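A.B. asks: turn this into a structure:
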Amino acid sequence: MTQGVDVPPEQVRRLVVNGTRGVVARCRDFTAAALADWGWIPAKTEEEEERVEDVLLLVSEVVTNACLHAGGPEELVLRHAEGRLRVEVADASADHPRTQAPRPPGLPGGHGLMVLDRLAGAWGTVDKAPGAVGKVVWLEISRPPERLP
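C.D. replies: Residues are numbered from 1 along each chain as shown. Now for the predicted structure:
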């Protein structure tokens, strides 16, 4: 840490979820509320608006994947610090996402990991703590730099 510079602490929001019914919308709404509290919404520029839309799409993708392939998410965690957002979705499946053969863009489904690759600054998976069953899929995305007038 640089002396004399105040760095705000990491802010964390957690949403415990059960099942799959309505969970994608709940997670998107929860994320939008956090982004508003952290000053991402309302967006001041078109680039900031696009980044907010990217974040909400990414949350939808990872939560949907947990619903389709892991029995549903257990928890959504948002970590915000210094203009970076980390999204974590925990589920009870030990199976990690695997990239599949490319699909034609016009076909529905099977594009979630491609969306993560294109929109997230970074993403990956980690096993839960020892003794716990499941994994956490995480992604990171940064806020666009502020532009001077």
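
A.B. asks: per-residue pLDDT, the residue most central in space within the chain?
C.D. replies: When Cα atoms, centre = their mean is applied to the chain, the residue found nearest the centroid is Val87 (3.4 Å). Listed pLDDT for Val87 reads 98.

A.B. asks: what's the distance between it and Val17?
C.D. replies: Here Val87 is placed at a distance of 14 Å from Val17 (Cβ to Cβ, to the nearest Å). (Each C-beta comes from the backbone N, C-alpha and C, glycine too.)

A.B. asks: thinking again about what came up before, please name the nearest non-neighbouring residue to the residue nearest to the centre of the chain.
C.D. replies: Leaving aside its chain neighbours, Val87 sits nearest to Leu139 (5.1 Å; criterion: Cβ to Cβ, 6 or more residues apart in numbering).

A.B. asks: equivalent analysis for Arg14, please.
C.D. replies: Arg14 sits nearest to Val77 (Cβ to Cβ, 6+ apart), 5.2 Å away.

A.B. asks: next: Glu75.
C.D. replies: Glu75's closest residue in space is Ala90 (Cβ to Cβ, 6+ apart), at 4.5 Å.

A.B. asks: do the same with Phe30
C.D. replies: Closest to Phe30 by Cβ to Cβ, 6+ apart is Leu15, at 4.7 Å.

A.B. asks: let me see the mean pLDDT of the helix or strand harbouring that neighbour.
C.D. replies: Using DSSP states H and E, Leu15 maps to strand 11-16. Taken as a whole, strand 11-16 carries a mean pLDDT of 97.
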